[in-house]
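Undergrad: 3D, please:
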Amino acid sequence: MRIIISDDHPVVLMGLKAALQSYGDRFRIVGEARNGKELIQLLAQESCDLLITDFSMPGDPPAEDGLAMLSRLRESYPQLPILVLTMLSNPALVQGMLATGVRGVVDKMSMTKELMLAIDVIRAGRTYLSERTRKQIENVSIAGEDAGTLSPREAEVVRFLAQGLTVSEIARRTERSVKTVSQQKRDAMRKLGLDGDKQLFEYARSSGLL
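TA: Down below sits the predicted model:
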């Protein structure tokens with residue numbers, strides 16, 4: 001099985017590569033990328049049977065990160081199975097990943113235990129979610145829509161705001177208008193009952209957006 005791996009942390013790339021190589025000749029890593037730009041260039045040059053990529057890989061151009069990057073990959077490579085390996089655990093973002101066609105989401109903290117299982121599930125044509133991720137989504141479903149649940153796009157706006165980006169920068173990164181991003185920020189803060197940017201950062205940190 002030919003695999004391309006992508007992560008902006010060299011240590012994670014090394015760990016992922018070592019984990020895959022421990023299964024002998026079952027997998028062959030045919031390329032590595034450290035940001036969205038490198039990944040898109042690599043996929044244009046090298047075919048693979050599975051892409052394992054991080055979700056948050058800030059870089060230039062700004063659109064090649066997060067949901068925008070995954071949407072672009074799905075548009076360019078509709079048949080390519082994508083497995084996201086991430087530290088982010090927010091249910092809204094995970095649902096956004098699945099909406100782009102991602103076939104699996106694995107928590108980096110559980111990579112050693114769940115990576116092989118996720119690959120087997122994906123190869124069987126099914127979708128895999130880490131145990132922690134599944135539980136969080138189930139909890140949100142039980143709580144219902146009145147529990148301040150953000151949409152995937154609202155969650156991504158909050159993630160970027162907590163990273164220190166301005167509304168204009170987020171608009172460029174997500175290829176949305178400033179008006180749209182501003183509205184999504186207001187909607188997110190209203191749903192969460194937040195009064196300012198400090199509370200927004202605290203929410204992002206506590207809810208798996210950072």
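Undergrad: helices and strands of this structure: which one has the lowest mean pLDDT?
TA: Comparing every helix and strand of the chain by mean pLDDT, DSSP states H and E singles out helix 131-143 as the least confident one, with a mean of 70.
Undergrad: Contacts for the next helix or strand after that helix next, please.
TA: Next in sequence after helix 131-143, counting helices and strands by DSSP states H and E, comes helix 152-162. The set of residues that contact helix 152-162 without belonging to it, under Cβ atoms under 8 Å, 6 or more residues apart in numbering, is 56, 66-67, 88, 90, 92-93, 95-97, 99, 150, 167, 169-170, 173-174, 176, 181, 184-185, 187-188, 191, 197, 200-201, 203-205, 209-210. For every residue, glycine as well, the C-beta is placed using N, CA and C.
Undergrad: Sort out which of those residues are buried, if you could.
TA: With neighbours counted using 16 or more other Cβ atoms under 10 Å, the contacts of helix 152-162 contain these buried positions: 56, 66-67, 88, 90, 92-93, 95-97, 150, 167, 169-170, 173-174, 176, 181, 184-185, 188, 191, 200-201, 203-204, 209-210.
Undergrad: ok, residue 161 to residue 41 distance?
TA: Here the criterion is Cβ to Cβ, to the nearest Å. By it, residue 161 lies 29 Å from residue 41.
Undergrad: ok, those two, which is more surrounded?
TA: residue 161 (23 against 13; other Cβ atoms under 10 Å).
Undergrad: Please tell me how far the more buried one sits from residue 10.
TA: The gap separating residue 161 from residue 10 is 28 Å, by Cβ to Cβ.
Undergrad: which residues sit in contact with residue 128?
TA: When contacts are counted by Cβ under 8 Å, 6+ apart, residue 128 is found next to 83, 103, 104, 105, 106, 114, 117, 118, 121, 122.
Undergrad: same thing but at 10 Å, please
TA: Contact criterion Cβ atoms under 10 Å, 6 or more residues apart in numbering gives 83, 102-106, 114-115, 117-122, 134 as the residues in contact with residue 128.
Undergrad: So for residue 144, what's the pLDDT?
TA: For residue 144, the pLDDT comes out at 50.
Undergrad: Model confidence at the spatially most central residue of the chain, what's the number?
TA: Note on the chain: the residue nearest the mean C-alpha position is residue 55, at 3.1 Å, using Cα atoms, centre = their mean. Predicted confidence (pLDDT) at residue 55: the value is 90.
Undergrad: Strands of the chain, residue ranges please.
TA: Under the criterion DSSP state E, strands of the chain are mapped to 2-6, 28-33, 50-53, 82-86, 104-107, 128-129.
Undergrad: got JSON lines for these, with distance to residue 20 too?
TA: Putting the strands of the chain into JSON lines (distance: least, Cβ to Cβ, whole Å) gives the following:
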{"stretch": "strand 2-6", "distance to residue 20": "6"}
{"stretch": "strand 28-33", "distance to residue 20": "6"}
{"stretch": "strand 50-53", "distance to residue 20": "8"}
{"stretch": "strand 82-86", "distance to residue 20": "11"}
{"stretch": "strand 104-107", "distance to residue 20": "13"}
{"stretch": "strand 128-129", "distance to residue 20": "16"}
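Undergrad: Hmm, residue 68 and the residue nearest to the centre of the chain touching each other?
TA: No. With contact taken as Cβ atoms under 10 Å, residue 55 and residue 68 are classed as non-touching, separated by 11.0 Å.
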